[in-house]
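Colleague: Sequence and predicted structure below; questions after.
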Amino acid sequence: MNRTQEKVLSFLVGAGAGVGLGLMFAPQAGGDMRRAIRDRADDLTEQVKVYSGEVLAPAREWGSDSVDKARHATSDLAEKFHDSTAEVFHAVQETIASGGCCAEATSTKLHRQKVGPQSK
C-alpha cells in the first residue's frame, strides 16, 4: 500500500469512527439522526473529492510532463537516426560512384564522417 492509499484509508477510518462515536454519545430523534448522518456523509464525500483532486492533479501533471519528455526524446532520436542513415547512404553512394566497392573504403569514409566505428 502506497503512502496516498494509507492516507485515504486513515481518513476514512477516522471519519467512520467519528460518525460512530457521534451516534453513541449524541442520540437524537430518528428523523433528526438520519438527517445528521446524511449531512455528515455529504460533508465527508465532499472532503474526499477535494482530497482526491489535490492528489490526482499533480499526478496528472507529472504524467503529462513525462509523456511530453518521452515524445521529445523519441523525436530527437528519430532525427539523429535519420541523419546518420542519410550520412551512411551518402558515403556508400560516394564509394560506389568512385568505382570502389570494398568494405574498407566505405569504412574509411564513414569514419571520416564520424558515423562508423571509431578507431581504437
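Modeller: Right, received. Where do you want to start?

Colleague: Quick check, pLDDT for Lys120.
Modeller: Note on Lys120: pLDDT of 43.

Colleague: element containing the residue sitting nearest the centre point of the chain, please.
Modeller: Closest residue to the average C-alpha location of the chain: Gly63 at 3.1 Å, with C-alpha atoms, centre = their mean. In this assignment (DSSP states H and E), Gly63 forms part of helix 30-97.

Colleague: what packs against that helix?
Modeller: Judged by 3 or more C-beta pairs under 8 Å, 6 or more residues apart in numbering; DSSP states H and E, the packing partners of helix 30-97 are helix 3-25, helix 103-112. Using the backbone N, CA and C atoms, a C-beta is placed for each residue, glycine as well.

Colleague: got the CA coordinates for stretch 74-92 in CSV?
Modeller: Taking C-alpha atoms only, stretch 74-92 is exported to CSV below (Å, rounded to 0.1, in the frame of the first residue of the first chain):
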residue,chain,number,x,y,z
THR,A,74,11.8,10.0,-29.3
SER,A,75,11.6,12.8,-31.9
ASP,A,76,15.3,13.7,-31.3
LEU,A,77,16.4,10.1,-31.5
ALA,A,78,14.4,9.6,-34.8
GLU,A,79,16.0,12.7,-36.2
LYS,A,80,19.5,11.6,-35.2
PHE,A,81,18.8,8.2,-36.7
HIS,A,82,17.6,9.7,-39.9
ASP,A,83,20.7,12.0,-40.2
SER,A,84,23.0,9.1,-39.5
THR,A,85,21.4,6.8,-42.1
ALA,A,86,21.5,9.7,-44.6
GLU,A,87,25.2,10.1,-44.0
VAL,A,88,25.8,6.3,-44.4
PHE,A,89,23.8,6.3,-47.6
HIS,A,90,25.8,9.2,-48.9
ALA,A,91,29.1,7.5,-48.0
VAL,A,92,28.0,4.3,-49.8
